[in-house]
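> Below is the sequence, then the predicted model.
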Amino acid sequence: MEEITTLGSSKRRILEELLEKPRVIYELSDKLSIRNNAVREHLTMLESMGYVESKFVKTKIGRPKKTYRISADGMKLFPKKYDLLLKILLDELTTEKGTIWVKDFLKRAGERIVKEDGSKSKDIKELLTFYNNLGCMATAVERDGNIVIKRNNCIYYSMALDTNNVFCGTFEDALIESMLPSYKVIKKDTVSKDKYDCEITLSKSES
């Protein structure tokens, strides 16, 4: 398996755009400011390598559009920190200690990682920096008066699927509560098969 850094800047940028959502050629051309033909050549190469998939999508008007999306192998190009090791550890701990113990352990781990990270300012920007230092490619937007944090590269993807999102639901909740005590999680859109991004919706806690 190659690494994302070995593909060249244009192919890397295309894959980063496809992490956010499937796109057609002209969208990628506009985003990257390169010609359609150049984008098409890069996509053809990436598809032949197994990092991109394509299909025709029906539209309300006109002919179906050929749409490109990142594949599971393409996702693997982006760094994941200790994903397999954590999965094995959780499996073993669950077998040895039980689910309740593991959930309590993950809660304490979420609280501790914030403490040891040394984060002083308790704000959204600090949380984004924390996530992006892990490789999550996180952004935040305001929606309906709430803050929605989107992570295009879930670093826990394989583990989240295999543990039915127990890791995210326990570790992440504790992490957010520790780092952002003035916010509360009100909604989660978690990863699933063939869906690599996730969203966490936060609201300001009532005083």
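On my side now, so go ahead.

> Okay, the residue of the chain positioned farthest from its centre and L43: tell me how far apart.
The C-alpha centroid of the chain is most remote from G62, which lies 33.0 Å away (C-alpha atoms, centre = their mean). Relative to L43, G62 is positioned 21 Å away (C-beta to C-beta, to the nearest Å). All C-beta spots, glycine's among them, are computed from the backbone N, C-alpha and C.

> can you check N37 too?
Counting by C-beta to C-beta - N37 and L43 are separated by 11 Å.

> What of L175?
36 Å.

> Check K107 too.
Distance, K107 to L43, using C-beta to C-beta: 43 Å.

> Can you pick out the residue with more neighbours from these two?
L43 (21 against 17; other C-beta atoms under 10 Å).

> Name the helix or strand for F56, please.
For F56, the element it lies in under DSSP states H and E is strand 52-57.

> now the helix or strand just after that strand: how far from the chain's centre is it?
Using DSSP H and E, the helix or strand that follows strand 52-57 in sequence is strand 65-70. Relative to the centre of its chain, strand 65-70 is centred 19 Å away, using C-alpha atoms, centre = their mean, to the nearest Å.

> For strand 65-70, which helices and strands make contact with it?
helix 9-20, helix 25-32, strand 52-57 (3 or more C-beta pairs under 8 Å, 6 or more residues apart in numbering; DSSP states H and E).

> Give me the buried positions along the second one.
Spelled out, that is helix 25-32. By 16 or more other C-beta atoms under 10 Å, the buried positions in helix 25-32 come out as 25, 27-29, 32.

> The shortest one now?
Using 16+ other C-beta under 10 Å as the burial criterion, the residues of strand 52-57 that qualify are 52-54.

> Next: the first one.
By neighbour count on 16+ other C-beta under 10 Å, the buried set for helix 9-20 is 11-19.

> ok now the longest helix anywhere in the chain, how far from the chain's centre?
The helix that spans the most residues within the chain, counting by DSSP state H, is helix 99-117. Mean-position distance between helix 99-117 and its chain equals 20 Å (C-alpha atoms, centre = their mean).

> now swap in stretch 125-135 and tell me
12 Å.

> same check, this time on stretch 190-199
For stretch 190-199, the distance to the chain centre is 7 Å (C-alpha atoms, centre = their mean).

> before we move on, what about stretch 77-93?
15 Å.

> Look up how far L77 lies from S29.
For S29 relative to L77 (C-beta to C-beta), the value is 22 Å.

> Over to T170?
28 Å.

> Distance of the nearest residue to E172 once chain neighbours are set aside relative to K60?
Counting by C-beta to C-beta, 6 or more residues apart in numbering, E172 lies nearest to G110, which is 6.8 Å off, once chain neighbours are set aside. Counting by C-beta to C-beta, the gap from G110 to K60 is 44 Å.

> who has more neighbours, those two?
Between G110 and K60, G110 has the larger neighbour count (other C-beta under 10 Å), namely 20 against 4.

> For that one, give me the pLDDT.
Reading off the confidence values, G110 has pLDDT 83.
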